[in-house]
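Peer 1: quick one, what's the 3D model for this:
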Amino acid sequence: MASTELQGHLDGMLLAILEAGPRHGYAIVEEMCRRSDGEFDLAEGTIYPALHRLEAAGLLSSRWEVVSGRRRRVYALSRSGAAAVGERVASWRAFRSAVDAVFAPATSQAQL
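Peer 2: Here you go, the predicted model:
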C-alpha cells in the first residue's frame, strides 16, 4: 500500500496496537504486519517519529528495559491514549463509510 494512503492513519493504528498492551518498536512493526496480512510491512524506523509524536502529545508513555543484555524502549498507552483509541476508531469508521459510499456504484438515480 502506498505510504500516502497510510498518512493520517498511522497514529490511530499504533494506538490500536498498543491497546493490547505495551510493546517495543520491533514488536509493534511485527504486529502491524500480522494484523494487516502483510499489507503494512513497515521499516522499523518508519514508526519511531509517530511514536515520539504520540508520546509528546501525552497519548503514550515509554520506559527502557533490558532484555538479553540489549536495551529497548517499550511504549504503552497513557490514560489519554486509551481514550483516544476509541475516538480514532469511531473517526475511521465514519471516514470509511463515507469513502465506501462515494466508491459505491451509482444507484437508480438519474445520471447526468
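
Peer 1: and stretch 93-107, what's its mean pLDDT?
Peer 2: Averaged across stretch 93-107, the pLDDT comes to 89.

Peer 1: next one: stretch 20-31
Peer 2: For stretch 20-31, the mean per-residue pLDDT is 96.

Peer 1: gap between it and the chain center?
Peer 2: Relative to the centre of its chain, stretch 20-31 is centred 11 Å away, using C-alpha atoms, centre = their mean, to the nearest Å.

Peer 1: how about it: buried residues?
Peer 2: 22-25, 28-29, 31 (16 or more other C-beta atoms under 10 Å). Just so you know, the C-beta spots here come from the backbone N, C-alpha and C atoms, and that holds for glycine as well.

Peer 1: next one: stretch 87-95
Peer 2: Within stretch 87-95, the residues scored as buried using 16+ other C-beta under 10 Å are Arg88.

Peer 1: contact partners of that stretch?
Peer 2: Contact with stretch 87-95 is made by 9, 11-12, 15-16, as judged by C-beta atoms under 8 Å, 6 or more residues apart in numbering.

Peer 1: adding pLDDT, distance to Asp100 and neighbour count, write the residues you listed out as CSV.
Peer 2: Below are the contacts of stretch 87-95 laid out as CSV (pLDDT from 0 to 100; distance: C-beta to C-beta, whole Å; neighbours: other C-beta atoms under 10 Å):
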residue, pLDDT, distance to Asp100, neighbour count
His9, 88, 15, 14
Asp11, 94, 22, 18
Gly12, 94, 18, 17
Leu15, 96, 23, 23
Ala16, 96, 20, 19
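
Peer 1: include distance to Thr46 when you put the residues you listed into TSV, please.
Peer 2: Shown next, in TSV, are those (distance: C-beta to C-beta, whole Å):
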residue	distance to Thr46
His9	13
Asp11	12
Gly12	15
Leu15	16
Ala16	16
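
Peer 1: now the two most distant members of the buried residues of stretch 20-31.
Peer 2: Pro22 and Val29 (14.7 Å; C-beta to C-beta).
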